[in-house]
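K.L.:
need a structure here:
(one chain, ligands or ions: 6)
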Amino acid sequence: MLTVLIWCFLVPMTAQSASCPLELIPKRVVERHGASLSVLCRPTTTSAEPDVIGWESPIGKWNLNMPDNKSVTWNVENFEDWTFEPFCFGTFSDNQCSVTLPITLYKTPDTVSISVQNHSGPLQEGRSYTLQCDVFNVAPVAALTVSWLWKGEMIQTQTYDDDLTKTPENVSSTWEITAFRNDSNDMITCLTILDPKQDGPSEQVNKSAAYQVIVHYAPKFTDEYDSVEVVTGGNVSFGCSAEGNPPPEVKCKYTVAINARETTRGRQHTVSITRATSANGGIYNCVATNTVGTATRQITLTITPLGHTTGVNYCLILVVIPVIIIIIASIAQKNVVG
Ligand SMILES: *[C@@H]1O[C@H](CO)[C@@H](O)[C@H](O)[C@H]1NC(C)=O
Ligand SMILES: *[C@@H]1O[C@H](CO)[C@@H](O)[C@H](O)[C@H]1NC(C)=O
Ligand SMILES: *[C@@H]1O[C@H](CO)[C@@H](O)[C@H](O)[C@H]1NC(C)=O
Ligand SMILES: *[C@@H]1O[C@H](CO)[C@@H](O)[C@H](O)[C@H]1NC(C)=O
Ligand SMILES: *[C@@H]1O[C@H](CO)[C@@H](O)[C@H](O)[C@H]1NC(C)=O
Ligand SMILES: *[C@@H]1O[C@H](CO)[C@@H](O)[C@H](O)[C@H]1NC(C)=O
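P.N.:
Numbering: from 1, shown residues only. Ligands and ions are numbered 1, 2, ... in the order given. The predicted model follows:
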């Protein structure tokens, strides 16, 4: 150890050079945070054997390797220092130099989660939202890729161009969406891939919990017609169903009558009139409401007297028949008088 201390004063940290005849095996370390490391330092040729060789590191232990004492191994258990890099030094007859060991420690994220910026709860149709994926405590970010998966397909990928930061960082990725009702129940996942060795097989994959898209939209009546006709005494029913999310509540306003009723079966809302009378005629105002909005629909119910379905026949009943009755009555009266 004494040699190391002396050597520290003799050789400044900057004394290392590319021509230093020492090699490290492995040349660089890429390991999980907290891993155990073992690195050998030895002369590159037997012709340039160092008088002194050793590691400069307050962390871990190093030993001269038997029997020749010309190579030296640095061992450390549970290595957790994000930024520390030791160096191996050698003194040669005409030269003193060192080689630094580059170390990259990596760590998979503590959490990966999806949220919607400035919003909670269901999305509203037609509006745009920014989904955010937060990745906590991951290192190094330069080796990280954050991807968005929608229905199993990768729709966006982001990388972080920060080669300098070796310590864990929090990063996020955002994705803009405009909500449509047909997106409802789709699953969105945020995927992180940490590939510190840039070699594929050692990559670390983490996933967020799936974010389920729920899109709310205002009610809309499903039937288009706005008038209904029925003969006196006939039965009639007309639909007043509306779709929407959440499912809307439908209410119809009309002249109250004992032969008229509203039924709701599932999403089918129906107004039924049995044995219609002229009192049932008029305007039926239906209103569908949910948390997003309201839709209204007006249906005009026309009651046509029995056996006649057109305006001309209606005229007949109202005008012609009374006239005939009056004529017959007056003839009968004349006959009685005469
Ligand atoms: C190597 O070093 C050890 C301990 O420092 C010493 O006991 C041993 O004699 C050395 N061997 C040679 C061949 O120099
Ligand atoms: C929305 O959220 C982002 C980040 O969470 C914030 O920077 C921004 O100020 C917010 N905008 C509004 C309108 O609240
Ligand atoms: C990451 O976020 C956590 C929780 O908000 C915080 O405690 C930590 O300091 C953040 N780390 C960095 C590097 O900003
Ligand atoms: C969903 O609806 C929107 C707008 O109506 C349309 O542009 C989009 O193609 C639809 N997507 C699917 C998967 O049907
Ligand atoms: C991330 O993935 C690694 C393996 O790839 C796993 O060991 C770790 O527990 C995962 N972390 C989270 C937060 O799921
Ligand atoms: C109308 O409905 C009532 C009660 O359901 C039934 O008794 C009657 O026969 C129906 N009339 C017609 C014309 O269908």
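K.L.:
wait, doesn't residue 281 sit right on residue 299?
P.N.:
No: here residue 281 does not reach residue 299: they are 11.5 Å apart, not a contact under C-beta atoms under 8 Å. Heads up, the C-betas are built off the backbone N, CA and C, glycines and all.
K.L.:
ok, those two, which is more surrounded?
P.N.:
residue 299 (21 against 18; other C-beta atoms under 10 Å).
K.L.:
list the contacts of the more buried one.
P.N.:
225, 226, 227, 228, 238, 240, 271, 283, 284, 286 (C-beta atoms under 8 Å, 6 or more residues apart in numbering).
K.L.:
try it again with 10 Å
P.N.:
221, 223, 225-228, 238-240, 252, 254, 271, 282-286 (C-beta atoms under 10 Å, 6 or more residues apart in numbering).
K.L.:
returning to that earlier point: tell me, what's touching residue 281 and residue 299 both at once?
P.N.:
Here residue 281 and residue 299 have residue 254 as joint contacts, going by C-beta under 10 Å, 6+ apart.
K.L.:
ok, back up a step: out of the contacts of residue 299, which are buried?
P.N.:
221, 228, 238, 239, 240, 252, 254, 271, 284, 286 (16 or more other C-beta atoms under 10 Å).
K.L.:
skipping its backbone neighbours, what lies nearest the third one in space?
P.N.:
This means residue 238. Excluding the flanking residues, the one nearest residue 238 by C-beta to C-beta, 6 or more residues apart in numbering is residue 228, at 5.0 Å.
K.L.:
how much space between the one you found and ligand 3?
P.N.:
62 Å (C-beta to the nearest ligand atom, to the nearest Å).
K.L.:
for residue 89, same thing?
P.N.:
Applying C-beta to the nearest ligand atom to residue 89 and ligand 3 gives a distance of 34 Å.
K.L.:
pretty sure that residue sits against residue 55.
P.N.:
Yes: between residue 89 and residue 55 there is a contact at 7.6 Å, judged by C-beta atoms under 10 Å.
K.L.:
so for those two, which sits in the more crowded spot?
P.N.:
The residue with more neighbours, out of residue 89 and residue 55, is residue 89; 27 against 22, by other C-beta under 10 Å.
K.L.:
specify the beta-bridge partners of the more buried one.
P.N.:
residue 54, residue 98 (DSSP bridges).
K.L.:
what's the answer for residue 206, then?
P.N.:
Applying DSSP bridges, one finds that residue 206 bridges with residue 192.
K.L.:
give me the pLDDT value at it.
P.N.:
Here the pLDDT value assigned to residue 206 is 97.
K.L.:
I'd like the numbering to begin with 181 instead of 1 from here.
P.N.:
In the new count, where the first residue is 181, that last one comes out as residue 386.
K.L.:
kindly report the residues of the stretch 281-430 of the chain close to ligand 5.
P.N.:
288, 289, 290, 291, 384, 385, 386 (C-beta under 6 Å from any ligand atom).
K.L.:
count of residues packed around the spatially closest residue to the first one that is not a sequence neighbour?
P.N.:
Spelled out, it's residue 288. The spatially closest residue to residue 288, leaving aside those adjacent along the chain, is residue 384, at 4.8 Å (C-beta to C-beta, 6+ apart). For residue 384, the neighbour count with other C-beta under 10 Å is 17.
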